[in-house]
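> Predicted model and sequence below, questions to follow.
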Amino acid sequence: MKVYAAILGVTLVAATALADSVKWATDYDKALAQAKSEKKLVMVDVYTDWCGWCKKLDKDVYSNAKVSEKLSKDFVACKINPEKSAQKRKLADKFGTRGYPHIVFVDGDGKKVYEISGYIPADRFAGRLDVALGKAK
């Protein structure tokens, strides 16, 4: 029983460390510049503090090992809350945000290539990351 508890503890620590491996940018312009220099897409998570589905996305999807790995490898991840500044509100309007969460994929020039409206589970989200990469080619 002690061995099982130890293995479970190590697994939880490893999963938590992996979930934390997504480096979130909060400055959209810097994320664009980074994406352009690294030849990646920017995944912009348009969220609000009060959005329950946004919190579920953070907790259940971005913490998923497969999703976290893909985001870290192929994307510059950026979070913006349009309720925090006029600039972020304008950006959400430009993206056509009508509800939350709204995930927008843009190239290094800021051209929208794909989007996800609303919450989807981790396994489907990982597949949508592949679709976004395919649309960018």
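Sure thing, it's come through.
> Spell out the residue ranges of the helices in this protein.
Here the chain has its helices, by DSSP state H, at 2-19, 28-38, 52-56, 65-74, 86-95, 122-136.
> Flag whichever of the ones you listed has the least confidence on average.
Lowest mean pLDDT of those: helix 2-19, a mean of 45.
> Return the residues in contact with the residue nearest to residue 33 when sequence neighbours are not counted.
The spatial neighbour of residue 33 that comes closest, neighbours along the chain excluded (CB to CB, 6 or more residues apart in numbering), is residue 108 at 7.7 Å. C-betas here are computed from N, CA, C, even on glycine. Neighbouring residues of residue 108 by CB atoms under 8 Å, 6 or more residues apart in numbering: 32-33, 35-37, 39-40, 42.
> Repeat that for residue 113.
Neighbours of residue 113 in contact, by CB under 8 Å, 6+ apart: 41, 105-107, 132, 135-136.
> Could you measure from it over to residue 42?
Going from residue 113 to residue 42 by CB to CB, to the nearest Å gives 10 Å.
> what do the two both touch?
105-107.
> Out of the residues you listed, grab the one that's most surrounded.
Tallying neighbours with other CB atoms under 10 Å puts residue 106 at the head of the shared contacts of residue 113 and residue 42, with 24 neighbours.
> my read: residue 132 touches residue 44, true?
No: Residue 132 is beyond contact range of residue 44, at 11.3 Å (criterion: CB atoms under 8 Å).
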